[in-house]
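sharing a sequence plus its predicted fold:
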Amino acid sequence: MTEPSVHLTINGRSMAIAGVPPEERLLDTLRWRLGLKGTKEGCRTGGCGACTVLRDDRPALSCLTLTHDAEGTSITTIEGLEGDPVGEKVRAAFDAAGALQCGYCTPGFVMALTGLLREGGSSIPLGELLEDLGGNLCRCTGYAAIVRAVRSAREALA
Amino acid sequence: MTVAPRPDGPDKIAGRTIFGTDLEVPGMLWGALVLSPVAHGRIRSLDLTSARAHPGVVAIASDDVPGLVEHRMGDPERPPFPREEVTYRHQPIAAVAAPSRALAREAARAVRVEVDPLPIAGDLDELFPEWPSSRIEDPSRVAAHVHARKGEVERAFHEAETVVAETYRTAGIHQVALEPHACVAEVRDGVWRVQSSTQSPFGAREDTASILGIPETSIVVDGTWVGGGFGGKGAALLEPYALLLARASGRPVRLALSYAEEFRLGRSTLPSVIRMETAVTAGEIVARRVRLLLDVGTSLPGRDFATGYAIGFLLGPYRTPSFEVEGYAVRTNKPPLGPHRAPFAPQATFAVESHLESVAREVGVDPVEFKARHLWRQGDRTPFGQRVTPFGLPAALERARATATRWRQAAPARHGVGVAVGFWSTSTGAGGEARLCLSPTELTIIEGEREIGSGSVLIGLSQVASRRTGLPIERVRVEYRDSSRAPYDAGVFGSRTVGALGRAVDEAAVALLRTLGERLSAPGPATLEVRDGEIVAVHGTTRRPVSEIWTEEEARVGGIAAEGKHYGKSGEIDEHLVRDGTFYAFTDFTGAAHVAEVAVDPETGSVRVVRYAAFHDAGVVIDLPSARAQVEGGVAMGLGTALTEESIWSDDARLLNAGLLDYRIPTLGEVPPIEIEFVEGFPGAGPFGAKGLGEPPIIPVPATIASAVRDACGAHVTELPLSPERVARGLKLV
């Protein structure tokens, strides 16, 4: 039996992807079928947040999303933030705060924060933002610089 | 504080940086490892037939390795695959490569392995239940033994006013770099080429040559961007397997670990038991006795280093007139021991700092005062007779003491404030070389080390070149090259990049300035500046643009070249103190004093860290933002070691928590604000007086937290991590 094609809008471009097995994860579709390597593969069990993308504008773990389950949705990856008003501000905040070291967790953080700020803007209390980012792990920075970036990105949207 | 943007920032933030896991080359196959189902056993049969029956699949095991050995036999201690005996669970037994990830996994599952189980050595306490009261009689379990003593230790203990004896235990922990190990290998025209996420391209090349028995000159290691190392990516791990698969298939092969495999067969830290005994008379330490059992898993070369180096930290940075230290590296059926940011120092420091706090309490002296009184000072001799070079730890402890006093006065009930120190020696002894190339528009540092995140390569080395030449840092660029085209360097480990490779860069810069001085016909070296966009060599009132003083040949190759080398020396210890094994001298002396305020829940024993302060001697700090970032990151990592991180092994040496949901590292909300201060005036051996800073920040953290917990509620926890259960036991709640 052949699987039906999956219809997704990826970074604003709608596409039909054929030949995706039912067990394939969105993470692998993005990285290995579409070459979008900015979405990082960490633990593949939902424990690190490195693979965070936006699914219909909300942060989602692409490692725990089956590609077929995403049928009909709109997916934004780190590559799709180019020119995005909130995404650009988040990226600039990470750059200015030096909020990265090895950089492996960085796209996941940028996506998660972009999603949260898109939804709530600068009206979200800082504490709530930080709590919502608790699922994104960073082993290098100790989070201090990331917290500074979160604060300044939120202020930049005010 | 203004933070200079990192040169690697924009690409990393935009997701454009290609890490090891992201590598993809045309025609690439996917590799997978076949792992041992038991921790110890004899291989009865290994059948690759059904795996090979899959279309496009290549499968290899130990029988497929000989024949390629034309140069010499590989290291007999670590063949890529075992032939007869497996010695840890998940040890690679065979490997497959297939056109897709799914097919590779299916083929790996199709490999039939039958292993007859053998007795499993798992737990230190089960192996040596009577230790340390009885000696270790079974030499088959001992991978290395170290023993040293000085003075009349027995008499000192016998005559002392007070003797305190305690036993400490520490858990195995994992580096948890977010990027799993990954590489892509290709063998073509006799060249074994592997792109790998490694902390040490040259080290990986050396290891691979040794494991496969082929000359280093046939191997090229090309380091990719590294998604965190922390010691776990220092030695070759996957490279030999990927190369063997590439050779067998004639195709490029990608091999990467899943995160569960990362925990199961990566090289992490293993448990230890530490016995501490101290004799005190009139408030002064007169003798110490320290014994260590260190689980080294399946033994590997380098195990003696682990024990001999670890034990150097168990006496702490304290004056000790007489001592006896003895350590055993114990072979078990766990994966081989590996280094983890400041290998074993946080654990050793936890034991020695907690113990001396007990000693001080026993003799009725404030613990910080007791430690300050015994701390080494510049010019002192260490217990092993080494002269202490400029050492800012006493000054750092004074700063920490003042902060602790202030915090304690303001602390509410159930809060406690703790103080501890830790010291370190940066591995400036390991060698490195650098090449510079000066064009009319920029100065390029050519080297073979990849930036792994700390900034030590991209920012640290650039700062050294910038300071020496006078060029603004924006005009200095670091160019990475693979192991066939780069000058040699030992790798990013041991907090050595700025201190050792930085010295090579500095030497190259000095040579360059001398050359330029000669070109200006000046009596000494030139300096550099930028005028109208072009780099100009300057001496006194003489200035000439680079484009006017480079030769035709230099113009053709793109710049004026200069080279530098640094192969440092360690200090020396009194060898006559050594009874057995190898002990290591320190190269320099660095350290930190930390303060923590914690809140302990009296019903559950859970610990919340409220605030933290870190006072560091980093010699002359050459880049403040990176230095602060190292302290922020190192302290956070240490909080995991202190409170939550623990590899849990079953009786049959199975790792029970091989995943990030069960092995808990600190999350964003669990790291408190950290005050950071660098004590100045204690230059190190690095360029401009720099000392390494990658490792020191993690070292005092577990000891500091333990001290704060003890202050908060009286629970004296002698085992890492300080889980709620252990704290609750300390409170006699359970």
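All right, it came through fine.

contact residues of the stretch 401-550 of chain B facing chain A?
Residues of the stretch 401-550 of chain B lying near chain A by Cβ under 8 Å from any Cβ of the partner chain: B:I452, B:G453, B:S454, B:G455. Every residue, glycine included, has its C-beta placed from N, CA and C.

which single one of these is nearest to chain A?
B:G453 (3.2 Å; Cβ to the nearest Cβ).

tell me who's in contact with the closest one.
Neighbouring residues of B:G453 by Cβ atoms under 8 Å, 6 or more residues apart in numbering or on different chains: A:L100, A:Q101, A:C102, A:G103, A:C140, B:V226, B:G228, B:G229.

want to try JSON lines for the residues of the stretch 401-550 of chain B next to chain A, with secondary structure, pLDDT and distance to A:A92 as columns?
Below are those laid out as JSON lines (DSSP: H, G, I helix; E, B strand; the rest coil; pLDDT from 0 to 100; distance: Cβ to Cβ, whole Å):
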{"residue": "B:I452", "secondary structure": "coil", "pLDDT": "95", "distance to A:A92": "25"}
{"residue": "B:G453", "secondary structure": "coil", "pLDDT": "95", "distance to A:A92": "21"}
{"residue": "B:S454", "secondary structure": "coil", "pLDDT": "95", "distance to A:A92": "23"}
{"residue": "B:G455", "secondary structure": "coil", "pLDDT": "95", "distance to A:A92": "20"}
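
buried ones among these?
With burial judged by 16 or more other Cβ atoms under 10 Å in any protein chain shown, the buried subset of these is B:I452, B:G453, B:S454, B:G455.

apart from its chain neighbours, what residue comes closest to the third one?
If the residues on either side of it in the chain are set aside, B:S454 comes closest to B:G694, at 5.4 Å by Cβ to Cβ, 6 or more residues apart in numbering or on different chains.

what's the burial count for that neighbour?
30 (other Cβ atoms under 10 Å in any protein chain shown).

for B:V557, same thing?
By other Cβ under 10 Å, the residues close to B:V557 number 12.

dihedrals phi and psi, it?
Per-residue torsions, B:V557: phi -90, psi -10 (degrees, to the nearest 10).

what of B:G455?
Phi and psi for B:G455, reported as degrees, to the nearest 10, are phi 90, psi 0.

the closest residue to it other than its chain neighbours: what's it in contact with?
Distances taken as Cβ to Cβ, 6+ apart place B:S626 nearest to B:G455, at 4.1 Å, with adjacent residues excluded. Applying Cβ under 8 Å, 6+ apart, one finds that B:S626 lies in contact with B:S454, B:G455, B:S456, B:I459, B:G460.

okay, and the closest residue to chain B within chain A sits in which element?
As assessed by Cβ to the nearest Cβ, chain B sits closest to A:G38 within chain A, at 2.1 Å. Using DSSP states H and E, A:G38 maps to neither a helix nor a strand.

tell me which helix or strand the closest residue to it other than its chain neighbours sits in.
Once flanking residues are discounted, A:G38 sits nearest to B:G15: 2.1 Å by Cβ to Cβ, 6+ apart. Using DSSP H and E, B:G15 falls within no helix or strand.

quick one: B:G15 and A:T76 touch, right?
No. Under the criterion of Cβ atoms under 8 Å, B:G15 makes no contact with A:T76, lying 11.7 Å away.

what's near enough to touch the residue nearest to A:G38?
A:K37, A:G38, A:T39, A:K40, A:T77, A:I78, A:E79, A:T106, A:P107, A:V110.

next, the first one: phi, psi?
As for A:K37, its main-chain torsions (degrees, to the nearest 10) stand at phi -80, psi 0.

residue contacts, A:E119?
Counting by Cβ under 8 Å, 6+ apart, A:E119 touches A:D57, A:R58.

now do the helix or strand hosting it: distance to the chain's middle.
Counting by DSSP H and E, the element that carries A:E119 is helix A:106-120. Computed by Cα atoms, centre = their mean, to the nearest Å, the separation of helix A:106-120 from the middle of its chain amounts to 7 Å.

how far is the very next helix or strand once past it from where the chain is centred?
Next in sequence after helix A:106-120, counting helices and strands by DSSP H and E, comes helix A:126-132. Relative to its chain's centre, helix A:126-132 lies at 17 Å (Cα atoms, centre = their mean).

and the residue nearest to B:S454, how far from B:T551?
Separation of B:G694 from B:T551 (Cβ to Cβ, to the nearest Å) stands at 40 Å.

for B:G172, same thing?
According to Cβ to Cβ, B:G172 and B:T551 sit 58 Å apart.

between these two, which is the more surrounded one?
Taking other Cβ under 10 Å, B:G172 and B:T551 do not tie; B:G172 has more neighbours (22 against 10).

I'd say the more buried one and B:E645 touch.
No. Counting by Cβ under 8 Å, B:G172 stays clear of B:E645, with 9.1 Å between them.

tell me the confidence at the residue of the stretch 201-350 of chain B found nearest chain A?
Going by Cβ to the nearest Cβ, chain A is nearest to B:G227 of the stretch 201-350 of chain B, at 3.2 Å. B:G227 carries a pLDDT value of 98.

what about the closest residue to it other than its chain neighbours, which helix or strand?
Nearest residue to B:G227 in three dimensions, chain neighbours excluded: B:E179, at 2.4 Å (Cβ to Cβ, 6+ apart). Assigned by DSSP H and E, B:E179 belongs to no helix or strand.
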